[in-house]
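J.: Need coordinates for the below:
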Amino acid sequence: MALMATDIAALLRQRIATGELPPHTVVSFKDLMSEWDVSMHIAFKALRQMRDERLVEKVPGIHGLLVTEPAAGIAAAWQPPPPPGTEARARVVRTAIELADADGLAAASMRRIGERLGVTTMTPHKHVGSRARLETMMADAIFAGHPLPQPPAGDWRAQLELVCRTQWQMYRRHPWLARIVSFEPSPLSEHVVAHIEWAAHAMTGQGLPAETASRVAATAADVVRGIAMDADQDPDDTELFEFGLQRLLDGLAPLFP
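T.: Modelled structure (predicted):
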């Protein structure tokens, strides 16, 4: 299969990252055309991409481009660009969260989102699909903003308290969140699921069998969510949460060695 410009740029980027192409190495169109049997157009596009990424630079009097001094670090830290539409989708989700926080979940309609963004109602639909998908993305975006520390620290009780309190703070900040969040694995909810996986991993590290640890993590998440749903009319009242959290932890204590 013939290589594209992005393929050649990726191969050269890898050589730079590994030191095979150190700073001040000359990379020319003819070199690329000869090694990969591509046209001058493809070679030009590959070098232009690398120049845009500051991996190579033009130096007067040199036939070709030189690998830059910071190229190895740039190449090592390189991440692929987000898929088309990713930023637009993120704006739709952020806007939906803002509307829900201000006026309740029902306010985060496609029509209101379109009005806020200055686009037609169909534009949010195009980026997020159905209302159910939008709500899943909203929940995941909020959980993405509350990562848990790696690795877990403290004893089992401190670890469970941390994950429960983190989730409770999210529910306080977004009173509608508890009613839409789901801890079932989904391609759209990786950050939500990450909270459960973090807790399960932490409990395994405290001596619980994997299956028991997963059940403990799921139970803790469901208890916090349930309390939040009962308290969503008064999200600043933490008395019920504190009582429920401590009784949950007391009840789980016999499971641990």
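
J.: For the stretch 101-250 of the chain, which segments count as helices?
T.: In the stretch 101-250 of the chain, the helices defined using DSSP state H, counting those that start in this stretch lie at 110-117, 122-128, 131-144, 156-173, 190-204, 210-230, 239-252.

J.: any weak-confidence spans in the stretch 151-257 of the chain?
T.: Applying pLDDT under 70 to the stretch 151-257 of the chain flags residues 232-236.

J.: hmm, try it at 80
T.: 231-237 (pLDDT under 80).

J.: okay but Asp201 is in contact with Pro152, surely?
T.: Careful, residue 201 is His and not Asp. Yes: between His201 and Pro152 there is a contact under Cβ atoms under 8 Å: 7.1 Å. From N, CA and C alone the C-beta is placed, and that goes for glycine too.

J.: Against Ile42, how distant is the residue most central in space within the chain?
T.: By Cα atoms, centre = their mean, the mean C-alpha position of the chain lies nearest to Ala144, the distance being 5.8 Å. Plainly put, Ala144 is 38 Å away from Ile42 if you go by Cβ to Cβ, to the nearest Å.

J.: what does Ala253 give?
T.: Ala253 is 65 Å from Ile42, by Cβ to Cβ.

J.: Neighbour count for these two, which is higher?
T.: Between Ala253 and Ile42, counted using other Cβ atoms under 10 Å, the more crowded position is Ile42 (21 against 10).

J.: And the helix or strand encompassing that one, what does it pack against?
T.: Assigned by DSSP states H and E, Ile42 belongs to helix 40-52. Applying 3 or more Cβ pairs under 8 Å, 6 or more residues apart in numbering; DSSP states H and E, one finds that helix 40-52 makes contact with helix 5-18, helix 29-36, strand 56-58, strand 65-67.

J.: let's see it at 6 Å
T.: Using 3 or more Cβ pairs under 6 Å, 6 or more residues apart in numbering; DSSP states H and E, the elements in contact with helix 40-52 are helix 5-18, helix 29-36.

J.: tell me the mean pLDDT for it?
T.: For helix 40-52, mean pLDDT rounds to 90.

J.: Next, the most far-flung residue of the chain relative to its centre: secondary structure please.
T.: Within the chain, Gly61 marks the point farthest from the mean C-alpha position, 45.0 Å out by Cα atoms, centre = their mean. Classification of Gly61 using DSSP: H, G, I helix; E, B strand; the rest coil returns coil.

J.: wait, isn't Leu55 in contact with Ala71?
T.: Yes: counting by Cβ atoms under 6 Å, Leu55 does reach Ala71; the two are 4.6 Å apart.
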